[in-house]
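Chemist: Task: produce atomic coordinates for the following.
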Amino acid sequence: MLSGLIVSVAEIYSLAIVVYVLFSWFPSPRGVIADIYAALGKLCDPYLNLFKRLIPPIGGMVDVTPIIALLVLQFGASLIARLL
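Modeler: As a prediction, the model looks like this:
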């Protein structure tokens, strides 16, 4: 029960990170989309910034930190779920 909840929360947070990253590829959003982007930033940036401090952009342009962050999140959630 608890392990399923942990996995579900990790999946929802992963989806939030993916949506946040996709929004960042487009020009400055306006209106409701800007509000959603700002809310996702407040939710996702603290976690993503942990990895941005450790992993520099590749070639100065390509930021792979969301990929690493998603892998760590999924691995951590599945590890915790197995231990419970």
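Chemist: what number of residues lie near residue 63?
Modeler: As a burial measure, residue 63 scores 17 neighbours (other C-beta atoms under 10 Å). In this view, the C-beta of every residue, glycine as well, is placed from N, C-alpha and C.
Chemist: Pick out the residue nearest the middle of the protein.
Modeler: residue 17 (3.0 Å; C-alpha atoms, centre = their mean).
Chemist: Three-state assignment for the nearest residue to that one once chain neighbours are set aside, please.
Modeler: Counting by C-beta to C-beta, 6 or more residues apart in numbering, residue 17 lies nearest to residue 44, which is 5.1 Å off, once chain neighbours are set aside. Assigned by DSSP: H, G, I helix; E, B strand; the rest coil, the conformation of residue 44 is helix.
Chemist: got the contact list for residue 44?
Modeler: 16-17, 20 (C-beta atoms under 8 Å, 6 or more residues apart in numbering).
Chemist: sorry, back to before: what helix or strand is the residue nearest to the centre of the chain located in?
Modeler: helix 2-24 (DSSP states H and E).
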